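[1] here is my input, please return the structure:
(4 chains, ligands or ions: 4)
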Amino acid sequence: MRRATYLVSQALKGLRRNLLVVTAAVVAVFISLTLVFGALVLNELVKVNTSRWQEGVHVIVFLKDDVPLETQLGLQSEIESWDEVQETSYCDKQCAFEEFSQMFADQPAILEDVDPSILPASIRIKLKDVSTYKDVTFRLIDNPAVRKVVTAGERFDQLTSVTRALNWLGIGLAVLLGIASVVLIANTIRMAIYARRDEVAVMRLVGASNWFIRIPFLLEGMVQGLVGAGLAVAAIWLAEGYVSSNAPDEFLIRLSVPDAFMVQWSIAILLFGALAGIAGSAMGVRRFLKV
Amino acid sequence: MRRATYLVSQALKGLRRNLLVVTAAVVAVFISLTLVFGALVLNELVKVNTSRWQEGVHVIVFLKDDVPLETQLGLQSEIESWDEVQETSYCDKQCAFEEFSQMFADQPAILEDVDPSILPASIRIKLKDVSTYKDVTFRLIDNPAVRKVVTAGERFDQLTSVTRALNWLGIGLAVLLGIASVVLIANTIRMAIYARRDEVAVMRLVGASNWFIRIPFLLEGMVQGLVGAGLAVAAIWLAEGYVSSNAPDEFLIRLSVPDAFMVQWSIAILLFGALAGIAGSAMGVRRFLKV
Amino acid sequence: MILLEGVTKVYEGGTVALRDVDLDVKKGEFVFLVGPSGSGKSTLIRLLLREERVTRGKIWVAGKDITKMPGWKVPHLRRSVGTVFQDYKLLPNQTVAENVAFALEVLGRPQSVIQRQVQQVLELVGLTTKGDRYPRQLSGGEQQRVSVARAFVNRPPILLADEPTGNLDPATSVGIMRVLDRINRTGTTVLMATHDHAIVDAMRRRVVQLERGKVVRDETRGTYESIEEL
Amino acid sequence: MILLEGVTKVYEGGTVALRDVDLDVKKGEFVFLVGPSGSGKSTLIRLLLREERVTRGKIWVAGKDITKMPGWKVPHLRRSVGTVFQDYKLLPNQTVAENVAFALEVLGRPQSVIQRQVQQVLELVGLTTKGDRYPRQLSGGEQQRVSVARAFVNRPPILLADEPTGNLDPATSVGIMRVLDRINRTGTTVLMATHDHAIVDAMRRRVVQLERGKVVRDETRGTYESIEEL
Ligand SMILES: Nc1ncnc2c1ncn2[C@@H]1O[C@H](COP(=O)(O)OP(=O)(O)OP(=O)(O)O)[C@@H](O)[C@H]1O
Ligand SMILES: Nc1ncnc2c1ncn2[C@@H]1O[C@H](COP(=O)(O)OP(=O)(O)OP(=O)(O)O)[C@@H](O)[C@H]1O
Ligand SMILES: [Mg+2]
Ligand SMILES: [Mg+2]
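    Ligands and ions are numbered 1, 2, ... in the order given. Modelled structure (predicted):
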């Protein structure tokens, strides 16, 4: 117990007395974890936005004119019950003509020519996950009530591949930066201890055990990691708050992430900083502790 | 001259003898400049891709049926001569009907109803810069030969704002990482010199002038910066080469940047590394050189 | 208490610092280690602390074969051997009092005991007023005395001293020697490397003389120079 | 060559290391600085090198008022004053030969001259075979001799030596003193702080004794202890 007090007080003294070196480590942690956290937030933004971009109608099922209305509505409720489907809506001949009219509002000549009754009724399907459109189409195509199934299939595939690419990019960036930050932190703390190698050598000569020497350094490393991570978290909160409150509303992109995400990852980043600090110190001290 | 040789040889010895510390600085430079260069490449990718996304027809001018063909073609060549315009094409009634037929290929009932002659001829305009579409529309709207001007205006504005946001993000990231890397480099080198503070103190006591002490450190810093930057450049070239040669062709996004861009920025990054190394060393030595 | 059998130490690079040294120091003895600069005195002390390892031979300290001792036991060895280092080896970031207290902290002594013992030993070496200073704020001799105080403070059964008076004026040296003598009389084994003629000749204790790494003289009540040389 | 007028040095924290010291050392003189541990000998030497600045008073070295000297001229001062430091102050990352050569490198001497002079001076202090070693691979006395060699090597007009024989055996000490004497005979002014009775009494040169920062004795052909005390 008393020994614990001594070791903690040594750690605090170490922090005070080696301010230059401590600052260096804190700065390294701060910068690298800000980058990691930033990458995570960007990744989350991509996710939030791609799900918005994927909104809208995904599959249109044109129905045959000779099928009775009940069969049509029955098909709709069957589709609605499928797992992949989020929502459906029914558009009868009148509704189809209204859409057609809107489309050619500026070309009255065409509108005059076309008879409302020739346009087919349709069921519009919104999917939970766009990538399932092929299954849904496949199941509908042979239905006797269906005249034709239309999807923006290729466009979906492209969008999905873009989203996936952006997600990979974000995760890859976060992982790379995470590794980089561990290396930087370990590096900096190792140098910090290198700068105090004589001190460690003297402690060993006077009979201090390895743990007795190590613990204050580990505590110092933890504090440095925590402070750096705290600064990083603060920086990202400030930046996120600023951007999301100042971004113009008409922006196509949404620039704020859920609070839950911020809270969870803040805690993760703080833990990561503390662990990286401890690990960095442990690695740093090790080579000076060989008897 | 002889003195220069001595100073350079001292710098090389310093590098050899302080391998741990040198490695730390090189790693810091390497990581931070890789991030900077990476951000620049991403930014370039966004640019390359948005210009691809903006390709296609931007403005469609529907012409009145009662205007003679010469007037119509005259208007086309007038439009073609405008600064904002990159390319135009003329689509007569026949061409308009072909497009209409494609659009409703699956609804023969509509096609049967519509008379080819009621569809108007049009001039399709491709702009150099999408954001000028309003000017062009404005100039055409009152022309007596024009029936209607159609643009995907809102969509353009949105696309432009997305592009601008992504560009800002890329530039902001590169600048932030640039600053971070300078801080990290200076930091690391400062610690490296801090670890050798006794050495500097002894040199001063033996009568070495400030420049005599400083120059080997500056050279060391330069070499460290160059090596780190060289590694960063190599890493990005490898990554870019790997990605651009392995990315699937059907990808919506193009994943390679022009070689000229890579070469220019490689040189810039190398210079930046060398300068940051020198500056970092200069800052690092300064506080130990006060008499 | 200290026993060396056929100890040879060859440093990396080939310098032979000790050649086939045999030495037996009994509990409670006081031994002067003399010899010209570079003859291996500090090397012998470093070997006893396991700061360096023997190239050949065996060393027993306090009954334990330290040449075979596993690394994690070395701190225990060092805590039972107080050492005054030739280059002081003080912690630059700790005050004088903290430097001295450190030898007790590693033993886990209660704070009250530490404070009292540190005060006592600083008085002994005449540094009561300088407990709050950092080593760089002391004169050479004062730093040496701090090193002496740290070696004494935990009353170890063995005391090694590498030129503990090298930077001291004659008066202070005599003071330090009185302390060493007193400590020796309480049963502590003392091994002291020195160049100080006057002290060795005045104390008349056992003298072991090294010359190029070999023991060339071992007298029970010797002087700095061997009788034949005089 | 060296002139102090009313020099007082108070360290941060309030320690008065020197009180109102007057001292005039003429060109070619050989002066021993004696006094108990902590009396201010090293402080005086540090002031002459501008390693520390005076609190009050004036110091002239080689005709220049160094209390007013701008910082960028200090390296010039130090190059004309060879110094043996009490704690050696060797560059740990340079070999013995490089450490000694450094004093010539800062003067910009050609490589051939440097090599010859370094060899000569290493011979003088008996370290010819150890030129390629690093300081940590040397014994305490050997490091001290490297410090002596570095101070000599550029034949400075003034030589300051802070206990240059503290870690040396009597025989080697005599050797070093012969070198200092020879250097002094070529016209170099020598100021040497020491605790070594035997040397001071044997040389019979000017002795300046400090006591708590005050000059209490200044004899032209003095001994270590003042006559009255004996
Ligand atoms: N940097 C410093 N800060 C504060 N006090 C100091 C500093 N350096 C020396 N002192 C104090 O000044 C006094 C004179 O010190 P100095 O080193 O000049 O003594 P000295 O005569 O060389 O002693 P020694 O023979 O032990 O080397 C001592 O009391 C010492 O504690
Ligand atoms: N780490 C080392 N590596 C190589 N050689 C060394 C090392 N340490 C000491 N030596 C050499 O070993 C020999 C004995 O050194 P040691 O330090 O034991 O001498 P010493 O008797 O203590 O001398 P002094 O009285 O000068 O302190 C010397 O020649 C020295 O140069
Ligand atoms: Mg020794
Ligand atoms: Mg002194």
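[2] what residue in chain C comes nearest to ligand 3?
    residue C:42 (3.0 Å; CB to the ion). No exception for glycine: its C-beta is placed from N, CA and C like everyone else's.
[3] in which helix or strand would I find that residue?
    Following DSSP states H and E, one finds residue C:42 within helix C:41-48.
[4] how about that helix, does it get close to chain A?
    No. Helix C:41-48 does not reach chain A (CB under 8 Å from any CB of the partner chain); its nearest approach is 9.4 Å.
[5] from the chain's centroid, how far away is that helix?
    9 Å (CA atoms, centre = their mean, to the nearest Å).
[6] then the very next helix or strand once past that helix to PDB, C-alphas only?
    For helix C:41-48, the following helix or strand on the C-terminal side (DSSP H and E) is strand C:56-61. The C-alpha atoms that make up strand C:56-61 are tabulated as PDB, following Å, rounded to 0.1, in the frame of the first residue of the first chain:
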ATOM      1  CA  ARG C  56      35.900 -17.400 -16.100                       C
ATOM      2  CA  GLY C  57      35.800 -18.300 -12.400                       C
ATOM      3  CA  LYS C  58      33.400 -18.200  -9.500                       C
ATOM      4  CA  ILE C  59      32.200 -15.500  -7.100                       C
ATOM      5  CA  TRP C  60      30.300 -16.100  -3.800                       C
ATOM      6  CA  VAL C  61      28.800 -13.100  -2.100                       C
END
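[7] need the strands for chain C, in chain order.
    Along chain C, counting by DSSP state E, strands occupy C:2-10, C:16-25, C:30-34, C:56-61, C:64-65, C:81-84, C:158-162, C:189-193, C:206-211, C:214-219.
[8] in JSON lines: the ones you listed, plus mean pLDDT and mean neighbour count.
    Below are those laid out as JSON lines (pLDDT from 0 to 100; neighbours: other CB atoms under 10 Å in any protein chain shown):
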{"stretch": "strand C:2-10", "mean pLDDT": "97", "mean neighbour count": "18"}
{"stretch": "strand C:16-25", "mean pLDDT": "96", "mean neighbour count": "19"}
{"stretch": "strand C:30-34", "mean pLDDT": "97", "mean neighbour count": "23"}
{"stretch": "strand C:56-61", "mean pLDDT": "96", "mean neighbour count": "18"}
{"stretch": "strand C:64-65", "mean pLDDT": "95", "mean neighbour count": "12"}
{"stretch": "strand C:81-84", "mean pLDDT": "95", "mean neighbour count": "26"}
{"stretch": "strand C:158-162", "mean pLDDT": "96", "mean neighbour count": "24"}
{"stretch": "strand C:189-193", "mean pLDDT": "97", "mean neighbour count": "24"}
{"stretch": "strand C:206-211", "mean pLDDT": "96", "mean neighbour count": "20"}
{"stretch": "strand C:214-219", "mean pLDDT": "95", "mean neighbour count": "16"}
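[9] re the thing from before, need the contact list for the residue of chain C closest to ligand 3.
    Contact analysis of residue C:42 by CB atoms under 8 Å, 6 or more residues apart in numbering or on different chains lists C:86, C:162, C:193, D:139-140.
[10] mind checking how far it is from residue C:163?
    Residue C:42 sits 8 Å away from residue C:163 when distances are taken as CB to CB, to the nearest Å.
[11] so what sits against both of those two?
    With CB under 8 Å, 6+ apart as the test, residue C:42 and residue C:163 both reach C:86, C:193, D:140.
[12] can you narrow these to ones near chain A?
    Applying CB under 8 Å from any CB to the shared contacts of residue C:42 and residue C:163, none is adjacent to chain A.
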